[in-house]
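sharing a model that was predicted from the sequence below.
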Amino acid sequence: MKKLFYNARIHTPEDPGHAPSGSAQKNIRQYPKGALLVHNGVISQIGNEEELRKEIVRNETIIDQEIDCSGRCLIPGFVDPHTHMCFARRREEEFARRLGGASYLEILEKGGGILSSVRSVQEATDRELIDNTVSHALSALSYGTTTVEMKSGYGLDADQELRMLAVISQVAKTTPLTVVPTFMGAHAIPQEDKENPDRFVDRVVREMLPQVASQGIARFCDVFCEQGVFSIEQSRRVLAAAREHGLGLKIHADEVHDLGGAGLAAEMEATSAEHLLAAGEENLRQMAAKGVIGVILPATAYSLKKPYAPVRKMIEMDVPVALATDCNPGSSYTESMPFIFGLAVMNMDMDVEEALTAATLNAAYAIGEERRSGSLDAGKNADFLLLDGATPAILAYHAGVPSVQAVYKLGERVV
Ligand code: NIG
Ligand code: FE
C-alpha cells in the first residue's frame with residue numbers, strides 16, 4: 001500500500017545519527033510545499049512535492065491513495081519519553097493540599113503521594129488498571145503523542161511491579177501507540193522499610209530486577225534519586241544491577257534537591273537524566289561530556305510551582321535536551337505534549353526549533369526509539385501530525401487550544 005501525502009508544510013528535525021545538542025538542536029529541515037511517500041506504514045521518501053512527483057512518474061511508482069494536507073504544517077508525531085501514566089486513581093485532594101501550601105515531599109513523607117498511588121494500584125483490578133492506562137494513552141494520542149514511555153513504580157514489590165509491567169504490555173497491544181516500558185521499582189520506600197531503606201534496595205536488586213529481566217518486560221530501569229527517597233549510593237546500586245541485567249538506564253535526578261543525580265547519570269553513562277530542576281553546573285557539564293540526554297519536564301515545575309529547569313544553560317553546555325509530560329497523578333497531571341511545548345517556548349525560553357527537536361527526535365533518542373521515530377526520514381515509521389497553522393509555533397501561539405488536527409500512526413489516521 002503506497003500513500004502520497006502532499007501539499008504539506010513539512011518541518012522535521014535533522015537526524016545526525018545521535019541526539020543533537022547545542023546549536024544543532026535548532027536544525028530543522030523544511031519543505032514549504034512538501035510531500036511524503038509512505039509504503040506500508042513506513043516513510044519511503046520525503047521532499048519537495050514537485051520533485052517527488054517527477055520522481056514518482058520517472059520510476060512509474062503506483063500510488064494507491066493521495067491525501068491533500070491542504071497546506072497545513074506537518075511534523076513528526078510527538079514522542080513522550082517520561083510518563084507514569086499507568087496508575088489507578090487521581091490524587092485531587094492532594095493537589096488541593098499542595099495549593100494550600102503543603103509540599104510534595106512532605107505529603108510523601110507522611111505516607112501520601114506516590115505511596116497513596118501504590119495503595120490504589122494494589123486495590124484496583126487488572127481490568128481497572130488496564131482501562132485507566134488505556135484511557136491516558138488514548139488521551140495522549142489525541143494530543144499528538146505517537147510513541148510513549150511508561151514506568152512502573154506504583155507496585156514497590158515484585159508481584160505488583162511485574163503486574164504493572166504486564167498491564168503496560170497489554171496497553172501496548174491494545175492502542176495504536178508505540179509503548180516503551182521502564183521498570184521503576186525504586187520509586188519510593190514502602191513505609192515498612194522506612195527505618196531500613198537498604199533492605200528495600202536489596203529487594204529491588206535481588207528479587208525484582210532478576211524477574212523483570214528474565215520476563216523481558218522492561219527496556220529501561222529508572223530510580224528516584226532524591227532527599228528522603230534514594231540516596232546517590234542506593235541509586236548507583238540499583239542502576240549498576242540494572243546494567244548487569246542488560247537494561248538501559250534512566251534516573252530521576254535533582255528534581256527537588258541537588259544530590260548530584262546528574263553527575264551519577266554521567267558516571268553510569270545513563271541514556272538520560274530526568275527533571276534536573278536543581279542540577280548543579282559541574283554535573284551538567286559531565287552529562288554533556290557523556291552525551292546523557294536531559295529529559296526536561298516543565299509541567300512538573302508548573303504543578304509544583306518551582307522554577308523551571310535551566311534549559312538555556314543546558315543547551316549552551318551542549319546537553320541534548322528532550323521534553324516530556326511526566327504524566328502522573330501527583331506532580332504533573334497532563335497527557336498533553338502541546339502544553340509542554342507551550343511551556344518550553346514561553347516559560348523556558350526555548351526556540352520553537354529547539355522545542356520541536358526536544359519533543360520528537362531527542363525524545364526518541366531518550367528511549368532508544370530513534371531508528372523508528374522522532375524525525376521524518378526514509379525508513380522511519382510514518383508517524384506524523386497535521387497542525388492547524390503554518391509552523392509548529394502555533395502550538396505555543398494558540399495557547400490552551402488544540403492545534404493538532406490529525407494524528408497519523410504508521411500512515412493511518414488514528415485521530
Ligand atoms: O517524576 N518524582 C517521582 N516520580 C514522579 C511523581 C510520581 C507521583 O507523584 O505519583 C515524578 O515527579
Ligand atoms: Fe517522573
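Now that the structure is in, tell me what you want to look at. Ligands and ions are numbered 1, 2, ... in the order given.

tell me how many other residues crowd the residue in the stretch 51-200 of the chain that ligand 1 sits nearest to.
Closest contact between the stretch 51-200 of the chain and ligand 1, by CB to the nearest ligand atom, is at Ile114 (4.5 Å). Yep, even glycine has a C-beta here, placed from its N, CA and C like the rest. Applying other CB atoms under 10 Å, we find 25 other residues in the vicinity of Ile114.

leaving out chain neighbours, which residue sits closest to it?
Nearest in space to Ile114, with sequence neighbours left out and distances taken as CB to CB, 6 or more residues apart in numbering, is Ala188 at 4.2 Å.

mind listing what's buried in the lowest-mean-pLDDT helix or strand in the chain?
One helix or strand of the chain scores below all others by mean pLDDT, DSSP states H and E: helix 104-109, with a mean of 94. Neighbour counts over helix 104-109 (16 or more other CB atoms under 10 Å) mark Tyr104, Leu105, Ile107, Leu108 as buried.

cool, and stretch 108-120?
If you call a residue buried by 16+ other CB under 10 Å, then stretch 108-120 has these buried ones: Leu108, Gly112, Gly113, Ile114, Leu115, Ser116, Ser117, Val118, Ser120.

out of the residues you listed, which sit inside helices?
Using DSSP state H, the subset of those located in helices is Leu108, Ile114, Leu115, Ser116, Ser117, Val118, Ser120.

could you measure from Leu165 over to Tyr365?
Using CB to CB, to the nearest Å, one obtains 23 Å as the distance from Leu165 to Tyr365.

wait, I meant Leu343
For Leu343, the distance to Tyr365 equals 21 Å [CB to CB].

what do you get for Val42?
Taking CB to CB as the measure, Val42 falls 19 Å from Tyr365.

pick out whichever of these two has more residues nearby.
A direct count of neighbours by other CB under 10 Å for Val42 and Tyr365 places Tyr365 higher, at 23 against 14.

quick check, the more buried one in a helix?
Yes: counting by DSSP: H, G, I helix; E, B strand; the rest coil, one finds Tyr365 located in a helix.

ligand 1 contacts on the stretch 101-250 of the chain?
Taking CB under 6 Å from any ligand atom, the part of the stretch 101-250 of the chain that reaches ligand 1 is made up of Gly113, Ile114, Ser117, Phe224.

grab the nearest non-local neighbour of the first one.
When the adjacent residues along the chain are set aside, Gly113 lies closest to Ile107, with 4.6 Å between them (CB to CB, 6+ apart).

return the residue of the protein that is most distant from the centre.
Taking CA atoms, centre = their mean as the measure, the residue most remote from the mean C-alpha position of the chain is Arg58, 40.9 Å away.

sorry, back to before: and the ones in helices among the buried residues of stretch 108-120 as JSON lines, adding distance to Thr83?
Compiled in JSON lines, those are given as follows (distance: CB to CB, whole Å):
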{"residue": "Leu108", "distance to Thr83": "19"}
{"residue": "Ile114", "distance to Thr83": "14"}
{"residue": "Leu115", "distance to Thr83": "19"}
{"residue": "Ser116", "distance to Thr83": "18"}
{"residue": "Ser117", "distance to Thr83": "13"}
{"residue": "Val118", "distance to Thr83": "17"}
{"residue": "Ser120", "distance to Thr83": "17"}
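
which stretches of the stretch 251-400 of the chain have low pLDDT?
Applying pLDDT under 70 to the stretch 251-400 of the chain picks out no residues at all.

what residues does it have near ligand 1?
By the criterion of CB under 6 Å from any ligand atom, the positions of the stretch 251-400 of the chain lying close to ligand 1 are His252, Glu255, Thr300, Asp326, Asn328, Pro329, Gly330, Ser331.

ok, now how distant is the closest residue to the second one other than its chain neighbours from Ser331?
Translated: Glu255. The spatially closest residue to Glu255, leaving aside those adjacent along the chain, is His275, at 3.8 Å (CB to CB, 6+ apart). Here His275 is placed at a distance of 9 Å from Ser331 (CB to CB).

which residues do those two both contact?
Overlap between the contact sets of His275 and Ser331, as judged by CB atoms under 8 Å, 6 or more residues apart in numbering, is given by Thr300.

the two - which one has more neighbours?
With other CB under 10 Å as the criterion, His275 and Ser331 differ in neighbour count, and His275 comes out ahead with 29 against 26.

now do the contacts for the more buried one.
His275 is in contact with His252, Ala253, Asp254, Glu255, Val295, Ile296, Leu297, Thr300, Ala309, Asp326, counting by CB under 8 Å, 6+ apart.

how far does stretch 318-329 stretch from start to finish?
For stretch 318-329, the first and last residues are 32 Å from each other (CA to CA, to the nearest Å).
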